[in-house]
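1. Quick one, what's the 3D model for this:
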Amino acid sequence: MNISKIDLNLLVYLDVLLREKNVTRAANQLSITQPAMSNGLKRLRDLLNDPILVRTSDGMVPTERAKELAPVVRGILLTLEETLQPNKDFEPEHSHRVFRIMASDYAASTLIPALLKRLRAQAPGTSLDIMTPSDVTFHDVENGRVDMAINRFDQLPQSFHQKTIWRDSFACLVHKQNPILANFNLDSYLKGQHIWVSKTGFGVGVGMDPADVQKLGWVDEALAKFGKQRNISVFTRNYHVAMHLAVETDLIATLPSRAAGLYKNDCTMQVLDPPFPIPSIELKMIWSPLLHQDASHIWLRRLIVEIADELTH
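-> Numbering: from 1, shown residues only. You can find the predicted model right below:
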């Protein structure tokens, strides 16, 4: 194969086709016609001597050859786009850029207010578009449609850049009239009724099974090490809902300390250390290689790190 005769556009077509697994959606992604994409697929099949995508009862499925090529082609295109990205100076005081950030409600309530305050002072023309984890996919971040995602992540694509913002311990948030305060220990904690909050990730979640400890997250995994299990009355995917329920009821909310700390000045609430050890969590920001050299993105990342350092100390 003579590489000088390869149309680089075919690599773009191949990348999108293997991600979308649909000719029409791939064409829409690249803003070209469906016949043009079909022609591109035909040229790719001729070039690689492979069907690339095969129609099955489950839709278009990539061949083994295509699966091997997918990460290689994606890496080539990311490197090329990053290399050719224009490097212009960023002037925050004159910018009207919209920063699009996916943030869990934990991050949105503990970090974003300080970020917004700083942006209004240093870059008053900019604005924030805050999205929830269910609004965004890894593809959105990878393709640069979202500037960054701020959350706790179990696994990440290798191509992503990442930075730890802070580590956080856990605390229990209870109403001051909750009878558990008379003798708060592991036994009374286990006898109490609890609010469960998910470790939010990308995509829409599904229903929870109280018996499936492996999927319940940090707090319940920590209890399971002692052979213990708490009584969960409410499952929620939102920290603000959990905190509000703790205010209105006799339920116990076990949350990251920075979230529980939002109620430290509330005279009706009390923040307590959990009566058992829970491993700390890491809040991270992740972003695409496509934006790594972007001057405005570099400025935003440095600002977030600076703010996080101030909030930590």
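2. avg pLDDT for the helix or strand containing residue 41?
-> Per DSSP states H and E, residue 41 falls inside helix 34-48. Helix 34-48 carries an average pLDDT of 91.
3. what's the spacing between the next helix or strand along the chain from it and its chain's center?
-> Note on helix 34-48: by DSSP H and E, the next helix or strand toward the C-terminus is strand 53-56. Here strand 53-56 is found 32 Å from its chain centre; the criterion is Cα atoms, centre = their mean, to the nearest Å.
4. Can you list the strands that strand 53-56 pairs with?
-> strand 59-62 (antiparallel) (DSSP bridges).
5. Same question for the partner strand: list its buried residues.
-> If you call a residue buried by 16 or more other Cβ atoms under 10 Å, then strand 59-62 has these buried ones: 60, 62. Heads up, the C-betas are built off the backbone N, CA and C, glycines and all.
6. which residues sit against that strand?
-> For strand 59-62, contacts defined as Cβ atoms under 8 Å, 6 or more residues apart in numbering pick out 18, 21, 22, 23, 52, 53, 54, 55, 70.
7. Leaving out the residues flanking it, which one is nearest to the fourth one?
-> Right, the one you point to is residue 23. Once flanking residues are discounted, residue 23 sits nearest to residue 37: 5.2 Å by Cβ to Cβ, 6 or more residues apart in numbering.
8. With the first one instead?
-> With Cβ to Cβ, 6+ apart as the criterion, residue 18 has its nearest non-adjacent residue at 4.7 Å, and that residue is residue 70.
9. wouldn't that neighbour be in contact with residue 17 here?
-> No - counting by Cβ atoms under 8 Å, residue 70 stays clear of residue 17, with 9.7 Å between them.
10. More neighbours: the two, which one.
-> Using other Cβ atoms under 10 Å as the criterion, residue 70 and residue 17 rank with residue 17 on top: 26 against 16.
11. The helix or strand the more buried one falls within: how far from the chain's middle?
-> Using DSSP H and E, residue 17 falls within helix 8-20. Relative to its parent chain, helix 8-20 has a centroid offset of 25 Å by Cα atoms, centre = their mean.
12. list the contacts for residue 281?
-> 152, 167, 168, 199, 218, 256.
13. can you map out the strands along the stretch 101-250 of the chain?
-> Ranges of strands in the stretch 101-250 of the chain, per DSSP state E, counting those that start in this stretch, are 127-131, 148-151, 161-168, 170-175, 193-197, 231-236.
14. which parts of the longest helix seen in the chain are buried?
-> Assignment by DSSP state H gives helix 64-84 as the longest helix of the chain. For helix 64-84, the neighbour count (16+ other Cβ under 10 Å) marks 66, 69, 70, 73, 74, 77, 78 as buried.
15. residue contacts, the second one?
-> Right, residue 69. By Cβ under 8 Å, 6+ apart, the contact list for residue 69 reads 14, 18, 48.
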